[in-house]
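K.L.:
model the structure of this input:
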Amino acid sequence: MREDGWFLLAFIGAQIGLGVWVSRRVQTRDDYLLAGRSLGPTLCVFTIFATWFGAEACVGTAGRVHAEGLAGASGDPFGYGLCLLLTGLVFAGPLRRRGFTTLADLFRARFGPVAERVAALLMIPTSLFWAAAQLRAFGQVLSEVGGIELGWSIAVAATVVAAYTTVGGLLADAWTDLVQGLLLALGLVVLGWLLLERVGSVSGALSALPAERLAWSPQASSGLDIWEGWTRTALGSLVAQELIARVLASRSERVARWSAAGASGLYVALGMIPIGIGLLGTDLVGSLEDPEHMLPAVARELLPRGLYFVFSGAIVAAVLSTIDSCLLVSASLFVTNVLKFRPRSEGGQSLWYVRAIAFLAAGLATWMALEAESISGMADLASSYGSAGLVVLLCFGLFTTLGTPLAAVGSLLVGVLCSSVPFLPESSALRNSLPEWFSRYSFLVSLSASVGAFLLLSLMPPRRGSSRSTSLVA
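P.N.:
Predicted structure coming up:
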């Protein structure tokens, strides 16, 4: 491994040390999963930003824009930024008011235990997909900086993540997110400034690019294509437990609302820099065989050596925090909503039980990262797989009195079946029997089908001996 790689590992070690020091305050499962519901506005803004602004926002966006032009940036940062804004304006207050531990707790209270379990079993793979995308980004940066093969880089990343997750928790995450977010923001601003100095006139550099690289959408795309992309990222990610956990960990409804909205503005503003790198970085480093190496390569070219080390460390540390969050929520959902583990006490044995499940989740995410073809592909899968039904239940569960257990479960199953079609093999008989638009607009189809199933099944009379769910509408 090159000297750069050893420096990066030392930087990561320092971040882990900070997390271990903070984790001394973690005494109960609530501390571990929700930071004792004590996050103030500064910590809450930066933990939402740093968790959300991970591999896809930095490495993935720069690589996608390098490969596809400006059309590759519709989802990130704009779609995900809109997701955070919607969370702050619409969902954060009502969710924080309920005092749940996970989003599946809402579905249990409104639609019963079966809907709770089904929802949790859909959310766990989504978190693992997202963790795998971040692990792959971790490996990409370590491979570029340290000069080692990608597979070994992912293996090193997985080892670090497993250790970090086992000893950490959301409280440790929040404090390391504050440091990582500040360093990452500083590094991106400096990198963007140096890029502007190198290219001289921005308008001149952009005018030299082919017109198709500056188009917001591919020429062959339609209005439905645009809606599909925006709804998949902006709505599909509303139900990400990584985001919900931070809303629930805030100290009040007001903090939850304004922190999510503030993180949205920070996310979009800093997300413009990877877009510029993807568009203009080719003149500095040439065309890359792997587009996802674009941001690390440009950083190596422009940043002074010391700042390059710190910036690379900040990217990997932010990615590390995102992975940790994904594994934490996977363990939280599995223990709380699938196994329904209810300990007699909230300390000791209960805490290590959750940590053991998080450690196993790290192994699954590593396998997914090794099998994945790209960061962006895994992020798209995380945003779309089964999320349509969850969005439907979130909206109806929070803001209406409609719905029955049957309607909730039916909506979830219809949504996941529809969203699975694009991921079937191209030779699949089921996929080939459906019209092409079914796969092309899979999220819109899934969302419409989930709404229809929920409303239709809600009209059916409840079975004898059962009752309609209790509304939580405030």
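
K.L.:
for this protein, what helix or strand is lowest in average pLDDT?
P.N.:
Least confident helix or strand of the chain, by mean pLDDT, DSSP states H and E, is helix 375-384 with a mean of 65.

K.L.:
next secondary structure after it?
P.N.:
Next along the chain after helix 375-384, taking DSSP states H and E as the criterion, comes helix 387-399.

K.L.:
using PDB, write out every CA atom in that following helix.
P.N.:
Extracted C-alpha coordinates of helix 387-399, given in PDB (Å, rounded to 0.1, in the frame of the first residue of the first chain):
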ATOM      1  CA  SER A 387     -40.400   1.700  -1.300                       C
ATOM      2  CA  ALA A 388     -43.600   2.700  -3.100                       C
ATOM      3  CA  GLY A 389     -45.800   0.700  -0.700                       C
ATOM      4  CA  LEU A 390     -44.000   2.100   2.300                       C
ATOM      5  CA  VAL A 391     -44.600   5.700   1.100                       C
ATOM      6  CA  VAL A 392     -48.300   4.900   0.700                       C
ATOM      7  CA  LEU A 393     -48.500   3.500   4.200                       C
ATOM      8  CA  LEU A 394     -46.500   6.500   5.600                       C
ATOM      9  CA  CYS A 395     -48.900   9.000   4.100                       C
ATOM     10  CA  PHE A 396     -52.100   7.200   4.900                       C
ATOM     11  CA  GLY A 397     -50.900   6.200   8.300                       C
ATOM     12  CA  LEU A 398     -49.900   9.600   9.400                       C
ATOM     13  CA  PHE A 399     -52.500  11.900   7.900                       C
END
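
K.L.:
quick one: buried residues of that helix?
P.N.:
Ser387, Ala388, Gly389, Leu390, Val391, Val392, Leu393, Leu394, Cys395, Phe396, Gly397, Leu398 (16 or more other CB atoms under 10 Å). (C-beta placed from N, C-alpha, C; glycine too.)

K.L.:
and after it, which helix or strand comes next?
P.N.:
Immediately after helix 387-399, counting by DSSP H and E, sits helix 405-420.

K.L.:
neighbouring contacts of that following helix?
P.N.:
107, 110-112, 114-115, 118-119, 122, 384-390, 392-393, 397, 438, 442-443, 445-447, 449-458, 460, 462, 466, 469 (CB atoms under 8 Å, 6 or more residues apart in numbering).

K.L.:
one step back: of the buried residues of helix 387-399, which is the nearest to Leu194?
P.N.:
Ser387 (38.0 Å; CB to CB).

K.L.:
if we can go back for a sec, please indicate which of the contacts of helix 405-420 are buried?
P.N.:
Among the contacts of helix 405-420, those classed as buried by 16+ other CB under 10 Å are 107, 110-112, 115, 118-119, 122, 384-390, 392-393, 397, 442-443, 445-447, 449-451, 453-454, 457-458, 469.

K.L.:
just give the closest residue to Arg232, not the sequence neighbours.
P.N.:
Phe443 (4.2 Å; CB to CB, 6 or more residues apart in numbering).

K.L.:
from memory the one you found sits against Trp230, does it?
P.N.:
No: counting by CB atoms under 8 Å, Phe443 stays clear of Trp230, with 9.7 Å between them.

K.L.:
the residue nearest to Arg232 and Ser237, how far apart?
P.N.:
11 Å (CB to CB, to the nearest Å).

K.L.:
anything in contact with each of these two?
P.N.:
Joint contacts of Phe443 and Ser237 (CB under 8 Å, 6+ apart) are Ser387.

K.L.:
could the buried residues of helix 387-399 go into a markdown table alongside distance to Gly99 and pLDDT?
P.N.:
Below are the buried residues of helix 387-399 laid out as a markdown table (distance: CB to CB, whole Å; pLDDT from 0 to 100):
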| residue | distance to Gly99 | pLDDT |
| --- | --- | --- |
| Ser387 | 24 | 86 |
| Ala388 | 27 | 90 |
| Gly389 | 24 | 92 |
| Leu390 | 20 | 94 |
| Val391 | 22 | 95 |
| Val392 | 23 | 96 |
| Leu393 | 19 | 95 |
| Leu394 | 16 | 95 |
| Cys395 | 20 | 95 |
| Phe396 | 20 | 96 |
| Gly397 | 15 | 94 |
| Leu398 | 14 | 93 |
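
K.L.:
which of those residues sits closest to Ser222?
P.N.:
Nearest member of those to Ser222, counting by CB to CB, is Ala388, at 20.2 Å.

K.L.:
OK, contacts around the closest residue to that closest one other than its chain neighbours?
P.N.:
Excluding the flanking residues, the one nearest Ala388 by CB to CB, 6+ apart is Ser446, at 3.6 Å. By CB under 8 Å, 6+ apart, the contact set of Ser446 is Ser384, Ala388, Gly389, Val414, Gly415, Val416, Cys418, Ser419.
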